[in-house]
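Colleague: Provided below are the primary sequence and the corresponding predicted coordinates.
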Amino acid sequence: MLKGKHLFFILSVIISLSSCTTTRLLTSSVKANEVTDLQKFETLSYITLIEKANRGTHNDTLSNLSKAIFADVLSSFGNRIPLTGNIIVNDFQTRNRVRQEIEFLCITADKKKEISSLKLMPTLDSLLEQNQKRFGLITITSGLTRVKGNYGKQIAKGIGIGILSLGMVHVTPIKAHSTVYVMILDSKDNNIAFFRRSRLSDKEPLDEAILRKQVQRIFKGYFWPPN
């Protein structure tokens, strides 16, 4: 099984180097209007903070803030996203298994061109069945941000390196990035009803307007029209 937040954090930083993307919409045969009574699992949030140079570390405080902001973003869509409740897990071991299963499903789906072969994992499936619910929403927010003033210093340093190397070497630091993963689980059919990921480079992961824009892109053509 995956190594939790550390592996996911490393993966998020690596993939953030590419351009801004919203992945292709991946769905099962279940139509969007059939997805009702959607139960939300706790959002996983992994925010990296760069305080000195270009070295980033996972920040629990900012990750918790990201989780709270994202909850407000989802709520702002009202019944356009058919959320009707939350699945609360208090047991530490069960929460850890849920986290690992969510990470595994999202990372695996992100590598695939279709999700028909991707099945529910046991803990997530069991929790939905225990609550007598068919559909579950799992979400992950991940991103990179910097302390005030750090980015300007790194830009200046990169220019200096470029001058000293006669332009042969030029280091452009990443200012920020925001990534959101969304997946809908279907316990009745034991598969994934929906998956999409949005990544925005040079956008702050704690900006509510940015997160709202990403949710808009993710559900475009599913819960609301493509235009």
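Modeller: Nice, thanks for sending it over.
Colleague: buried residues in stretch 212-227?
Modeller: Going by neighbour count (16 or more other Cβ atoms under 10 Å), the buried part of stretch 212-227 is 212-215, 217-220, 222-223. Placement of C-beta: from N, CA and C, glycine included.
Colleague: out of these, which are inside helices?
Modeller: Among the buried residues of stretch 212-227, DSSP state H puts 212-215, 217-219 in helices.
Colleague: quick one, helices of the chain?
Modeller: For the chain, the helices defined by DSSP H cover 5-15, 60-76, 92-110, 122-130, 150-164, 208-219.
Colleague: mean pLDDT lowest where, among the ones you listed?
Modeller: Mean pLDDT across the helices of the chain is lowest at helix 150-164; the value there is a mean of 40.
Colleague: tell me how many other residues surround the spatially closest residue to residue 147 that is not a sequence neighbour.
Modeller: Nearest residue to residue 147, sequence neighbours excluded (Cβ to Cβ, 6 or more residues apart in numbering): residue 51, at 5.0 Å. Using other Cβ atoms under 10 Å, residue 51 is surrounded by 11 other residues.
Colleague: go ahead and confirm residue 51 touches residue 148.
Modeller: No - contact criterion Cβ atoms under 8 Å: residue 51 and residue 148 do not qualify, at 10.3 Å.
Colleague: what separates the closest residue to residue 75 other than its chain neighbours from residue 74, distance-wise?
Modeller: Nearest non-adjacent residue to residue 75, counting by Cβ to Cβ, 6+ apart: residue 83, 7.9 Å away. According to Cβ to Cβ, to the nearest Å, residue 83 stands 7 Å off from residue 74.
Colleague: for residue 89, give its distance to residue 180.
Modeller: From residue 89 to residue 180 the distance is 21 Å (Cβ to Cβ).
Colleague: ok, these two, which is more surrounded?
Modeller: More crowded of residue 89 and residue 180, by other Cβ under 10 Å: residue 180, with 27 against 17.
Colleague: quick check: closest non-adjacent residue to that one.
Modeller: residue 214 is the one closest to residue 180 (Cβ to Cβ, 6+ apart), at 4.5 Å.
Colleague: and for residue 21?
Modeller: Spatial nearest neighbour of residue 21, excluding adjacent residues (Cβ to Cβ, 6+ apart): residue 199 at 5.3 Å.
Colleague: my guess is that neighbour contacts residue 140, does it?
Modeller: No - if you go by Cβ under 8 Å, residue 199 and residue 140 don't touch, sitting 11.7 Å apart.
Colleague: hmm, back to that, can I get the ones in helices among the buried residues of stretch 212-227 in a markdown table with distance to residue 111?
Modeller: Below are those laid out as a markdown table (distance: Cβ to Cβ, whole Å):
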| residue | distance to residue 111 |
| --- | --- |
| 212 | 27 |
| 213 | 25 |
| 214 | 20 |
| 215 | 22 |
| 217 | 20 |
| 218 | 18 |
| 219 | 21 |
